[in-house]
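# need a structure here:
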Amino acid sequence: MNRGEDVNARKLIDRLVSDERWGPMIGLVATTYEMQPDFLEMDFLPSLFRLGAWDDRSWSTRIGMERKLAELEVASIFMDSRCYRGRPRSLRLELLPVTTPRGTALHAKVSLLLFEKAVRVIVGSANLTEPGFRKNREVIAVFTATESSKQESAIINQALTGMETLMAPWLTSEARNILLRAQAMLKEWSAEVRDEQTTFQWSGGATRLWQEFLSRWPADDLVRQATIVSPFWSADAGTTLHTFISELRNRRLLDPRCEVHLLTEAFVDPEQKYLPVLPEAYAACDWSGFEIKISAQAVNPSVLREEVGDMEGFTGSRRLHAKVVLMQGARNSLAYLGSANFTAHGWGFLGNGAMANIEAGLILRRSAKNEGLQAILPGTVGEPVELASAKAADLRSPEGQGESPPWPEFLKRAVLVPKDATGDRLQLEIEVESDSTNQEWSARLPDKEDLPSEILLSKEQTQAATSTVFEIALTGAVLNRLLLEQELVVLWRACPAGRAIPLNVSRQARDRLPISPGCHKVEERNLLSYYQGKIAWEDLFPDPEVPPASGNSTAVIAANASSVDKTRIQSYQIREFVEALTGLGEDLKAATQSEPSMRLALLGPVSPVALARTIMEAVNSQRRTATAAGFQLTEILASLQSAKRFGVRERLAAQWLEYVDQATAQVKALLDGLVTAHADLFTGNGAFNRYSRAVLGRREAG
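Numbering: from 1, shown residues only. Next up is the predicted model:
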């Protein structure tokens, strides 16, 4: 926020880009008040993944993003439920609306990024929106710990400990596991010298921010100046600012010469005069009892010339969204920067602590001579308005906030889960709070033009239920619509028109998702072309909205190598399969660098398991003989046996073996099913059994 700082260092989106030396990202867990799906997919995530310029119109770019998400252990974003306006298009990103008591909010903006060799935490005032990272005047702090740079490990650990505590009611097991893994890494990197002057402060519930903040001020120094930066203020000045100043005086920390400055959003009146945006109550409140100077002033909304280059006629401005409090004395300075507006719910100026927002930020104590804290204050414009003599006309009242549409607070989750152990079929589970049984509500698919309405749960079913979990069987058509819509609509008494809620997918089912809704399973011939190096990974998933005749179909790519279609000639199929085995092994070896890439390469939509399933589909449709399929499945098992002997780093070795064993078990189950179904071909000491024992035994011994 400091105008003297290098302009490039203030571009928040650029602060997201990771260092290649940290290795691949393993997991993402973030909290935000608001979230814009387009920003998340076209700006935030591409920056995290170092994908460079993002072209949303390019199908291969979208598939590249999907692959990155598939390689994560978890990508979970928690947001305030009342701000939900739609989910990102990837079901591999888990969007979890959080419902807090009425009048409160999940307002913290914290992102945990876990890499193979680094842990990073971002905290501040910016929501996961384009204005937050591109347009507003915000404040954020970024902390990173690695094995070679451990200084910030303690403050990051504070952040994760607080997240685990304050977010406990909503954390999924996968998100909690990422927190624990990050904490385990930090424990190994414990900094020898801890910064006792910097605290990562979560607040909400019993933890009141104003008390935590004031407790950090030393008792032997007086506050000479206090500057409060906030875009939103409580309408009752006596509940917030009056209480804050009174507490300083009661603790005998208030210097008689103290000045309090309130920095607010700017409003330009018809005479081009800048007014601070502040509730009229701040002018009406009686401040005379403090006998100190209290003033309000607008933050300069102008954009620096160097930020816009030579753009002629640019008249843009930045809205204030940063939240900062800075107190200064003769020897000390104390600052808060984070998500909390200076409101009763933000700072906890309430009789009932449970009504405070969940907030997160930093409290920093420094020497009064340290200029770093002063640098986080924004520049001002216009004349300051002294509140003791102010009139209502000297301030601009904030515009009223629109009412959020109702939210089904009784709902806990809507998630696709495997219907059985094979994971081949999915069902929908909707879970509600325990006190919601017998409540009248229903769920359906969103209405779409030319598509029939589809009831998922009727009012009669929900009222008669004795369980809090509803298991809903899905036809292929309904499942496909859910995968495409990625939302369902809940209707209840307070919202008869219905409210869209996000659909999520369980960890167990995520690996079986299509890379993109609307794309069918990858065909065998295309998997073989990929393993042979003829096509890229992204080419395996054609745009479902582009007709195959345009040349975007991977079937066309694979078949056009020759003018003769040999895909149904069994000898050709087997030869293509044999030629792909070397590439399959190389693909698996390349995946040993991280746990997520291991799982994707061994169990995902492009994997030995996926290839084995396409082989069985060929048998079931009588396009492949059982004997030929038995040969192929045996060779896949042999490749997996060889993969167990790859040189994998010690830290990942156990996980690699576990995933290889999982893949082996799934392929072996397919082979066992084939043998059972065609017992006449696979009995006794026949040719296939001798071949199988020789190949698998030889690979095992080797």
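# Please report how far the closest residue to residue 316 other than its chain neighbours lies from residue 15.
Of all residues not flanking residue 316 in the chain, residue 303 sits nearest, at 5.3 Å (C-beta to C-beta, 6 or more residues apart in numbering). Any C-beta I mention is one placed from the backbone N, CA and C, and that applies to glycine too. Computed with C-beta to C-beta, to the nearest Å, the distance linking residue 303 and residue 15 is 18 Å.
# So the residue nearest to residue 316 sits against residue 317, correct?
Yes. Applying C-beta atoms under 8 Å as the test, residue 303 and residue 317 come out as touching, 6.3 Å apart.
# looking at it, residue 691 is touching residue 634, isn't it?
Yes. When contacts are counted by C-beta under 8 Å, residue 691 is listed as touching residue 634 (7.1 Å).
# Give me the pLDDT value at the residue nearest to residue 316.
Note on residue 303: pLDDT of 82.
# how many neighbours does it have?
Burial measure for residue 303: 16 neighbouring residues, criterion other C-beta atoms under 10 Å.
# what pLDDT does residue 161 get?
96.
# ok, now residue 663?
The per-residue pLDDT reported for residue 663 equals 95.
# same check, this time on residue 188
We have a pLDDT of 87 for residue 188.
# measure it to residue 429 for me?
In this view, residue 188 and residue 429 are 38 Å apart by C-beta to C-beta.
# out of those two, which sits in the busier spot?
A side-by-side neighbour count of residue 188 and residue 429, using other C-beta under 10 Å, places residue 429 first with 16 against 9.
# Please name the residues that touch the more buried one.
If you count contacts by C-beta atoms under 8 Å, 6 or more residues apart in numbering, residue 429 has them with 413, 414, 415, 416, 417, 469, 470, 471, 472.
# mind showing which ranges of the protein have poor pLDDT?
1-10, 53-58, 191-195, 304-315, 422-423, 437-438, 516-520, 543-570, 684-686, 698-702 (pLDDT under 70).
# Would you mind measuring the gap between the ends of stretch 494-510?
With C-alpha to C-alpha, to the nearest Å as the measure, the first residue of stretch 494-510 is 33 Å from its last.
# Check which residues of that stretch are buried.
498, 499, 500, 501, 502, 503, 504, 505, 506, 509, 510 (16 or more other C-beta atoms under 10 Å).
# hey, what's the third one bridged with?
Listed by DSSP bridges, the beta-bridge partners for residue 500 are residue 489.
# So it versus residue 429, what's the distance?
Using C-beta to C-beta, residue 500 is found at 18 Å from residue 429.
# give me every residue that touches the most centrally placed residue in the chain.
Nearest to the geometric centre of the chain sits residue 77, at 3.6 Å (C-alpha atoms, centre = their mean). Contact partners of residue 77, counting by C-beta under 8 Å, 6+ apart, are 28, 29, 30, 31, 32, 35, 40, 93, 94, 95, 96, 128.
# where does it fall, phi/psi-wise?
Phi and psi for residue 77, reported as degrees, to the nearest 10, are phi -120, psi 120.
# Skipping adjacent residues, who's closest to residue 634 in space?
Distances taken as C-beta to C-beta, 6+ apart put residue 692 closest to residue 634, at 5.0 Å, once the chain neighbours are dropped.
# May I ask which helix or strand encompasses that neighbour?
Element membership of residue 692 [criterion: DSSP states H and E] is helix 687-701.
# Other residues contacting that helix?
627, 630, 631, 634, 635, 637, 638, 641, 642, 681, 682, 683.
# 6 Å instead, please
With C-beta atoms under 6 Å, 6 or more residues apart in numbering as the contact definition, helix 687-701 has outside contacts at 630, 634, 638, 641, 642, 682.
# again with stretch 405-420
Here stretch 405-420 makes contact (C-beta under 6 Å, 6+ apart) with 81-82, 99, 425-433, 436, 439, 488, 490, 492, 494-495, 501, 503-506, 508-509.
# distance of residue 394 from residue 254?
Residue 394 sits 25 Å away from residue 254, going by C-beta to C-beta.
# Those two: which has the busier surroundings?
residue 254 (21 against 18).
# ok, now how distant is that one from residue 287?
Taken as C-beta to C-beta, the span from residue 254 to residue 287 is 13 Å.
# what's the answer for residue 251, then?
The span separating residue 251 from residue 287 equals 19 Å under the rule C-beta to C-beta.
# So those two - more neighbours on which side?
Under the criterion of other C-beta under 10 Å, the comparison of residue 251 against residue 287 puts residue 287 first, with 21 against 13.
# how about that one, phi and psi?
Reported as degrees, to the nearest 10, the phi and psi values for residue 287 are phi -100, psi 0.
# Residue 357 now?
Dihedral angles of residue 357 (phi, psi; degrees, to the nearest 10) stand at phi -70, psi 160.
# quick one: it and residue 105 touch, right?
Yes. In this structure residue 357 lies within contact range of residue 105 using C-beta atoms under 6 Å: 4.9 Å.
# Perfect, I'm done here.
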